[in-house]
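Q: 3D, please:
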Amino acid sequence: MKFLIIAQDLRVSGTSEGVVSRSFIGQLRKVFPNAVIDVVYLRHEQYQDQLDLLPVNDLKSHFINRKIPFYIKWLNWMYWRIFHVSLNEWYIQKKYTSIIRKIDYQKYDTVFIRSCGLDYEAILGAIDLPILQKTILNFHDPYPVFWCSGSQNKLTNLELFRLKKMARVVSQAKACISPATILSADFELIYGHRNKFYVLPHQFCPLVFDFSDFAKVRTKGKKVTLSYHGIIQFGRNIEILLDAYKEIIESNATYKQHTEFVLRLKGNQAEKLKEKYGDCTNIIFLGHSNFSNASNEQSKETDIIIILENGPLRSNILVGKVPFVASLQKPILCLSPKISELRSLIQDEKYIADCDNLNQIKSKLEYLISERLESNEAVQPFGDYFSDENFKVNVLNILNKVNLD
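A: Numbering: from 1, shown residues only. This is a model prediction of the structure:
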């Protein structure tokens, strides 16, 4: 077998997509140890990506300058208002097209193009190119952003034209995949059932990471440490959880003495939260750290891990950090809307709470704390869903069905 993977993000830190794309390559190598796996990396920033850790036969890296010339911006000011198409987006997508067009795709059995961020430049850059006949498109999040749970985007003509363009790419591809069952069903609906969206969950493969950096790992200061690492966006609500935790420790001296809540946050909400909860010494706000430090901190210095799904009404994505969290075999508390991907994966109700129900969050959090004060037993909230064997079954099933079609 010969595989080509076109990726936009292979960073070791900063985004969950970098982690899951690297892990996809690592897991694919486990399933096909003798296959040819080549990578074309379409990067838009110069990072220390530790590409030497990836188990590939060949890797070609292309830097794409995303700076838009002034004259394009000036023309776009009128153009998108008249034609509902963004010249800024077109200009950047064409840069991806110029590289993808030159790839000798015929020598590969299957090509994967992996999406990144909110703009999907690599996938859209492949529009009308013959490489799509051999390509499985990976969609990590909804596109356009209007369809993302918790998004504030309005349904403009510009969004509808983005949808129309992506629908053309989807119809030209060999097949499509997404990491979540709900998301795949949504994609099939909004793209008019023009192609099959298979489900291939995110993975975590430790072999493609270097965990030697401990420099910024915070040593736990209490018997039970709760932690949340991530960004506050798309309707994720951390304040209701912090309110619940404050009520718990204010009403129970034992919990106040023996627990702490550590947050490493990205995004504009961080300063606001520090102001609101700064008087609570049990709640500790820290800066963002790289993946090595963050993973070591959560694996060695954390007892209960918090997961926030998008909301507040529905979450159709699979949070990128979940496979890593599953590998730690620690208790979790997931705050989720009534309809969400993780509700179907978490096997014990004590690990999941309604994201808008303060009393339920408080009750479940208190129960998990009391359990953890008594025992450090390893647990598996997700069962074997993210196991190597399950990935192997899924990817072989998808490849077999796609090749039969």
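Q: for residue 66, which non-adjacent residue is closest in space?
A: Spatial nearest neighbour of residue 66, chain neighbours left out: residue 44 (5.0 Å); criterion: CB to CB, 6 or more residues apart in numbering. The C-beta positions use only the backbone N, C-alpha and C, and glycine is treated the same way.
Q: quick check: that neighbour touching residue 63?
A: Yes - if you go by CB atoms under 8 Å, residue 44 and residue 63 touch, sitting 7.4 Å apart.
Q: which one of these two has more residues nearby?
A: Neighbour totals were compared for residue 44 and residue 63, and residue 44 leads with 19 against 11 (other CB atoms under 10 Å).
Q: buried sites along the worst-scoring helix or strand of the chain on mean pLDDT?
A: Using mean pLDDT, DSSP states H and E, the weakest-scoring helix or strand in the chain turns out to be helix 269-277, at a mean of 86. Residues of helix 269-277 classed as buried: 270, 273, 277 (neighbour count, 16 or more other CB atoms under 10 Å).
Q: what does the helix or strand following it rub up against?
A: Sequence-wise, the next helix or strand downstream of helix 269-277 (DSSP states H and E) is strand 283-286. Strand 283-286 is contacted from outside by 218, 242, 245-246, 260-265, 270, 273-274, 277-278, using CB atoms under 8 Å, 6 or more residues apart in numbering.
Q: who's in contact with the spatially most central residue of the chain?
A: Centroid-nearest residue in the chain: residue 320, 3.0 Å away (criterion: CA atoms, centre = their mean). By CB under 8 Å, 6+ apart, the contact set of residue 320 is 15-17, 19-20, 140, 202.
Q: could you pull out the helices for this structure?
A: 16-31, 70-83, 87-100, 121-125, 157-172, 181-190, 239-251, 253-258, 269-277, 291-300, 322-328, 358-374, 388-404 (DSSP state H).
Q: which secondary structure elements does the second one contact?
A: It stands for helix 70-83. helix 87-100 (3 or more CB pairs under 8 Å, 6 or more residues apart in numbering; DSSP states H and E).
Q: buried stuff in the helix it packs on?
A: Buried residues in helix 87-100 (16+ other CB under 10 Å): 87-93, 95-97, 99-100.
Q: these into CSV, with extra columns for distance to residue 384 and pLDDT?
A: As requested, these are exported to CSV (distance: CB to CB, whole Å; pLDDT from 0 to 100):
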residue, distance to residue 384, pLDDT
87, 48, 94
88, 45, 94
89, 41, 93
90, 44, 95
91, 46, 95
92, 40, 95
93, 39, 95
95, 42, 96
96, 37, 97
97, 41, 97
99, 39, 97
100, 36, 98
